[in-house]
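Asker: could you look at this predicted model? Sequence included:
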Amino acid sequence: MKKMRFALAAGTGLLLLIINSCGSGPESSAVEPKIILTPAPSANVRINGAKIFGVRPGSPFLFKIPATGKKPLKYEVLNLPEGLACNPETGMITGTLNSSGKFMTTVRVTNELGKAEREFSIVCGDDLALTPHMGWNSWYVWENHVTDRIMRDAADAMVSSGMIDHGYMYVNIDDCWSVKPGSADSTLMGEERDKNGMINANGRFPDMKALTDYIHSKGLKAGIYTSPGVLTCGGYAAAYGNEEKDVARYVEWGYDFLKYDWCSYSKIGRTDLLSDLQKPYILISELLKKQNRDIVLNLCQYGMGDVWKWGRKIGGQSWRTAGDLGGSFEGIGKALFRDGFDVYSSDSLHLYAGPGGWNDPDYLLLGYLSNWKGETVPTPLTPNEQYTHVSLWSIVAAPLIFSGDIARMDDFTLSLLTNDEIIDVDQDPLGKPGYRVSRDGDLEVWKRDLEDGSIAVGLFNRGETETEVTALWSDLGISGKQKLRDLWRQLDLGSFDGKYSASVGRHGTVMLRMWPEK
Ligand code: GLA
């Protein structure tokens, strides 16, 4: 059956690049080759990523237009509201908006072969994160070894890999940037706070402001991490009792994103009391809202107290829906199905997320990751599971935050992260997360409504052998002839009525988009 799939794709004239099998995953992955389905980027211009962007009045604005095509590209924005300007060479829109409103602009990007145009809405108001965040986080590859150099290299790699041209925006430090009380490592020792009570970075981060300036100079945004307890999960100085000063510090340093963990707050608040679960997050979000800088707030408390029901109300722009997807390196495959598919379905998480507030099932665990034994090794996910990972995250409108080694990606990993038609599903401006419409044993069909009236459909096979998965129109809530497209291959499949079946590999996925035929 597997051979049949290759033949099918090859028969359509699509170039498939087969890379050596990773051989590091479970037994069956040894025979599962890494096949790049994402077509090579075209020389023609394509504008990618978010079509809508939120900013608060008075906050510094920074948005780099993501576009691919033969370089050099020239960027232009028509009807840009007063207060903003677009740099034609870099595509960075900067400035400040002073009054609320929705501004409909047209982005135009040109190269020697032609131009592309697309609507881009700028919404100045209370809401940030009108589409799920896209970016990179240091945790799963660098854990407690993160440094200023690593963060700069990550920003460089975001640009040189081209990820920035597909909409990736945030470069986020996770735990381990502050002083570690009791540490014997000279780079982690020192005063936790200065004489004014402002938190210090440890010796691995000599100048936080210079670091964020560097990240911003590339058109990217910078993220930081802390916990509401006395210590972070890794045992580093955290925010308890100093929240106001710490937020002021993040603003002074120029951060745009805050991941607020839980961990040692269990010593302060009770996890069986909703008011205790909410208290530190209400405090921090109120402080963030007062700043003249937009700092996106990510709640990281592992889904306690059904956080999806209140995360947005108390000011979060996203909330982790479960524990750490990669807490056990060998267990990532299992966690993908448990925390991705099962948590999401059993709690109907799609009902709670949307523009301004997103369910966060954790990071994209692709490429090279820490195995928590001092080594950086390839993800244990099989190639099919990696397709499933990115597909499911896009269907459920999850943040696309890659946490493998961004400076050491192979073409396969990059192809998983930069398929613009998959990203379009994730970033769809309607912001309606998808959900499971049918389950037949190991076979699941998921659907997401999209802004243009089409739907994205994921055919998933959680079973151990390649099997045919069928999407029935009756399950999808549609009728009549539909024009189908295979999103990973970016290939039209033709017109279908009533149902569509495809053979799906072990733990694999076929991602489709369907438009009603006129
Ligand atoms: C928790 C979080 C992880 C990571 C670590 C850092 O486990 O869930 O995402 O931030 O803390 O210590």
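Answerer: Structure received.

Asker: how is this protein partitioned into domains?
Answerer: The chain is divided into the following domains under automatic domain parsing: 2-33+434-516, 46-124, 134-426.

Asker: out of those, deepest packed?
Answerer: Ranked by mean neighbour count, the domains of the chain are led by domain 134-426 with a mean of 20 (mean count of other C-beta atoms under 10 Å). (Glycine included, C-beta is placed from N, CA and C.)

Asker: re earlier: for the ligand, which of the domains of the chain is the nearest?
Answerer: Closest approach to the ligand among the domains of the chain (C-beta to the nearest ligand atom): domain 134-426, 3.3 Å.

Asker: hmm, the closest one touching the ligand?
Answerer: Yes: using C-beta under 6 Å from any ligand atom, we find that domain 134-426 touches the ligand at 139, 174-175, 232-234, 261, 300, 324.

Asker: inside helices: which ones of those?
Answerer: Secondary structure from DSSP state H places Trp139 of the residues of domain 134-426 next to the ligand in helices.

Asker: can I get the residues of domain 134-426 next to the ligand in a markdown table including pLDDT?
Answerer: Output for these, formatted as a markdown table (pLDDT from 0 to 100):
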| residue | pLDDT |
| --- | --- |
| Trp139 | 98 |
| Asp174 | 98 |
| Asp175 | 98 |
| Thr232 | 98 |
| Cys233 | 98 |
| Gly234 | 98 |
| Asp261 | 98 |
| Cys300 | 98 |
| Asp324 | 97 |
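
Asker: make CSV from the residues of domain 134-426 next to the ligand and add distance to Tyr344 to it.
Answerer: Listed next are the residues of domain 134-426 next to the ligand as CSV, based on distance: C-beta to C-beta, whole Å:
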residue, distance to Tyr344
Trp139, 21
Asp174, 23
Asp175, 25
Thr232, 27
Cys233, 24
Gly234, 28
Asp261, 21
Cys300, 17
Asp324, 16
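
Asker: by mean pLDDT, show me the worst of the domains of the chain.
Answerer: Note on the domains of the chain: lowest mean pLDDT is at domain 2-33+434-516, with a mean of 82.

Asker: ok now do Asp449, which residues does it touch?
Answerer: Contact partners of Asp449, counting by C-beta atoms under 8 Å, 6 or more residues apart in numbering, are 430, 432, 434, 455.

Asker: between those residues, which sits nearest Trp393?
Answerer: Distances from Trp393 to those, taken as C-beta to C-beta, are shortest for Gly434 (10.5 Å).

Asker: state the pair within the residues of domain 134-426 next to the ligand that is farthest apart.
Answerer: It's Thr232 and Asp324 that sit farthest apart of the residues of domain 134-426 next to the ligand, by C-beta to C-beta, at 13.8 Å.

Asker: does Asn254 touch Ala210 like I think?
Answerer: Residue 254: Gly, not Asn. No: contact criterion C-beta atoms under 8 Å: Gly254 and Ala210 do not qualify, at 9.6 Å.

Asker: ok so, going back, TSV please, covering the contacts of Asp449 and showing secondary structure and distance to Leu472.
Answerer: Below are these laid out as TSV (DSSP: H, G, I helix; E, B strand; the rest coil; distance: C-beta to C-beta, whole Å):
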residue	secondary structure	distance to Leu472
Leu430	coil	23
Lys432	coil	21
Gly434	coil	16
Ile455	strand	13
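
Asker: so which of those is the closest to Thr187?
Answerer: Of all these, Gly434 has the smallest distance to Thr187: 44.2 Å, by C-beta to C-beta.

Asker: where does that closest one fall, phi/psi-wise?
Answerer: When quoted as degrees, to the nearest 10, the phi and psi of Gly434 stand at phi -80, psi 180.

Asker: is Ala502 within a helix or a strand, and which one?
Answerer: Applying DSSP states H and E as the criterion places Ala502 in strand 499-504.

Asker: pull up the pairing partners for that strand, direction included.
Answerer: strand 467-472 (antiparallel) (DSSP bridges).

Asker: name all residues that make contact with the residue nearest to Lys481 when sequence neighbours are not counted.
Answerer: Spatial nearest neighbour of Lys481, excluding adjacent residues (C-beta to C-beta, 6 or more residues apart in numbering): Glu517 at 4.1 Å. Listed by C-beta under 8 Å, 6+ apart, the contact partners of Glu517 are 480-483, 495.

Asker: next step: those residues restricted to strands.
Answerer: 481-483, 495 (DSSP state E).

Asker: list the contacts for the spatially closest residue to Ile406 that is not a sequence neighbour?
Answerer: The shortest distance from Ile406 to any non-neighbouring residue, by C-beta to C-beta, 6+ apart, is to Ala157 (4.4 Å). By C-beta under 8 Å, 6+ apart, the contact set of Ala157 is 163, 406-407, 409.

Asker: and if we set it to 10 Å?
Answerer: Contacts for Ala157 (C-beta atoms under 10 Å, 6 or more residues apart in numbering) come out as 136, 163-164, 171, 405-409.

Asker: surely it forms part of a helix?
Answerer: Yes: secondary structure of Ala157 (DSSP: H, G, I helix; E, B strand; the rest coil): part of a helix.

Asker: kindly list the longest helix within this structure.
Answerer: helix 274-289.

Asker: quick one: the helices in this structure?
Answerer: 2-11, 139-142, 148-160, 208-217, 243-253, 274-289, 332-335, 343-346, 383-395, 411-417, 420-426, 473-476.

Asker: any chance of the ones you listed in TSV, with distance to Trp372 too?
Answerer: Output for these, formatted as TSV (distance: least, C-beta to C-beta, whole Å):
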stretch	distance to Trp372
helix 2-11	32
helix 139-142	10
helix 148-160	17
helix 208-217	26
helix 243-253	28
helix 274-289	27
helix 332-335	11
helix 343-346	23
helix 383-395	19
helix 411-417	20
helix 420-426	28
helix 473-476	40
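
Asker: residues contacting the residue of the chain positioned farthest from its centre?
Answerer: Most distant residue from the mean C-alpha position of the chain: Lys195, 37.5 Å away (C-alpha atoms, centre = their mean). Contacts for Lys195 were tallied using C-beta under 10 Å, 6+ apart; there are none.

Asker: could you list which of the contacts of Glu517 also contact the ligand?
Answerer: The subset of those within reach of the ligand, by C-beta under 6 Å from any ligand atom, is empty.

Asker: would you turn these into JSON lines with distance to Ile36?
Answerer: Formatted as JSON lines, the contacts of Glu517 follow (distance: C-beta to C-beta, whole Å):
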{"residue": "Gly480", "distance to Ile36": "34"}
{"residue": "Lys481", "distance to Ile36": "31"}
{"residue": "Gln482", "distance to Ile36": "27"}
{"residue": "Lys483", "distance to Ile36": "25"}
{"residue": "Ser495", "distance to Ile36": "27"}
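
Asker: what does stretch 176-188 contact?
Answerer: Residues from elsewhere that reach stretch 176-188 (C-beta under 10 Å, 6+ apart): 138-139, 142-148, 151, 189-193, 199-205, 208, 211, 224-226, 230-239, 246.

Asker: now, these that are in strands?
Answerer: Filtering the contacts of stretch 176-188 for strands - DSSP E - leaves 224-226.

Asker: can you redo the residues you listed as JSON lines with distance to Leu62?
Answerer: Below are those laid out as JSON lines (distance: C-beta to C-beta, whole Å):
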{"residue": "Ile224", "distance to Leu62": "16"}
{"residue": "Tyr225", "distance to Leu62": "20"}
{"residue": "Thr226", "distance to Leu62": "22"}
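
Asker: give the contact list for Lys39.
Answerer: Heads up, residue 39 is Pro, not Lys. Residues in contact with Pro39 (C-beta under 10 Å, 6+ apart) are 14-15, 415, 419-421, 488-491.

Asker: what do you get if the cut-off is 6 Å, keeping everything else the same?
Answerer: Going by C-beta atoms under 6 Å, 6 or more residues apart in numbering, Pro39 touches Gln490.
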